[in-house]
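[1] A structural model of the following input is requested.
(one chain, ligands or ions: 1)
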Amino acid sequence: MKRNVVLQLTGVERHYGQGETRLSILKGADFALTSGEIVALVAPSGTGKSTLLHVAGLLEHPDGGEVTINGHACEGLSDEKRTAVRRSEIGFVYQFHHLLPEFSALENIMMPQLISGLSKKEASARAAQLLDYMRIGHRAEHRPAELSGGEQQRVAIARAVANAPLVLLADEPTGNLDPDTAHYVFDALEALVRQSGLAALIATHNHELAARMDRRVTIQDGKVVEF
Ligand SMILES: Nc1ncnc2c1ncn2[C@@H]1O[C@H](COP(=O)(O)OP(=O)(O)OP(=O)(O)O)[C@@H](O)[C@H]1O
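    Numbering: from 1, shown residues only. Just a heads-up that it's a prediction; the model follows:
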């Protein structure tokens, strides 16, 4: 499989507040993620992991620098175009699943596909396939509250990749799970990434999980450095 840089951060700056209370979180951060790789982002609390993921995932604008997705510079894009890139190229997983409580597992995974214009039939077929792949096909009709924490996260991962993005960004996806379940959920995530060739950047405090990833990076003085 040909390896491409699918996500690139160049000189990314992110500051919060003004004047004396101004907090500089990212100070010229550079980072590149290549298709097919899984990278751990391991850094102490408050150093800017979520900030980095939000900027990389086009959820926040950087105060300086550039975010390039699959070769396309995103900072100059209109909000509409950024949203379109985010929907088609980025999947996001949070520590808490953020699934829609009134919808079933299958419907939650169908949702981003319906928003992207797929028919119900197509979206449902892909959602069912992803649930099977995550080994929770038998829970398709259940709502999030009826699922275990590990099952909820597997649905959230399936939803994140439903539109076949290039990049999966995950912010502490197993932070809420016991160690065995964390490994089980990571197994599923890893299989999905390996099979589809997408790239993943995963913030985690779990050093055992981080050790299973291809590369580990951290944030030091507002910059991304290899661990
Ligand atoms: N919207 C905001 N306004 C002001 N400060 C913010 C904002 N968002 C984040 N911060 C601050 O930026 C710093 C980095 O936050 P961030 O959430 O990126 O850290 P983190 O490394 O993900 O931490 P954790 O591991 O605890 O989740 C923190 O000091 C946080 O308080």
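[2] packing partners of the lowest-mean-pLDDT helix or strand in the chain?
    Least confident element among the helices and strands of the chain, by mean pLDDT, DSSP states H and E: helix 179-196 (a mean of 89). Judged by 3 or more CB pairs under 8 Å, 6 or more residues apart in numbering; DSSP states H and E, helix 179-196 is in contact with helix 120-133, helix 149-160, strand 167-171, strand 199-203, helix 207-211. Every residue, glycine included, has its C-beta placed from N, CA and C.
[3] for the ones you listed, give me TSV that also has mean pLDDT and mean neighbour count.
    Below are the helices and strands packed on helix 179-196 laid out as TSV (pLDDT from 0 to 100; neighbours: other CB atoms under 10 Å):
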stretch	mean pLDDT	mean neighbour count
helix 120-133	95	17
helix 149-160	93	25
strand 167-171	96	24
strand 199-203	97	25
helix 207-211	93	14
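[4] and residue 97, which of these is closest to it?
    helix 149-160 (4.1 Å; CB to CB).
[5] neighbouring contacts of the closest one?
    91-94, 97-99, 105, 108-109, 111-112, 127, 130-131, 133-136, 139, 144, 147, 168, 170, 173-174, 176-177, 181, 184-185, 188-189, 192 (CB atoms under 8 Å, 6 or more residues apart in numbering).
[6] let's go with 6 Å and repeat that
    91-93, 97, 105, 108-109, 130, 134, 136, 139, 144, 168, 173, 176-177, 181, 184-185, 188-189 (CB atoms under 6 Å, 6 or more residues apart in numbering).
[7] burial count for the closest residue to residue 150 other than its chain neighbours?
    Closest residue to residue 150 apart from its sequence neighbours, by CB to CB, 6 or more residues apart in numbering: residue 181 at 4.0 Å. By other CB atoms under 10 Å, the residues close to residue 181 number 17.
[8] pLDDT weak spots in this protein?
    1-2 (pLDDT under 70).
[9] need the residues of it near the ligand, please.
    On the criterion CB under 6 Å from any ligand atom, the ligand has as its neighbours in the chain the residues 16-17, 23, 25, 43, 45-51.
[10] secondary structure added to the residues you listed, as a markdown table?
    Below are the residues of the chain next to the ligand laid out as a markdown table (DSSP: H, G, I helix; E, B strand; the rest coil):
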| residue | secondary structure |
| --- | --- |
| 16 | strand |
| 17 | coil |
| 23 | strand |
| 25 | strand |
| 43 | coil |
| 45 | coil |
| 46 | coil |
| 47 | coil |
| 48 | coil |
| 49 | helix |
| 50 | helix |
| 51 | helix |
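[11] quick revisit: where's the residue nearest to residue 150 relative to residue 163, distance?
    Note on residue 181: its distance to residue 163, by CB to CB, to the nearest Å, is 26 Å.
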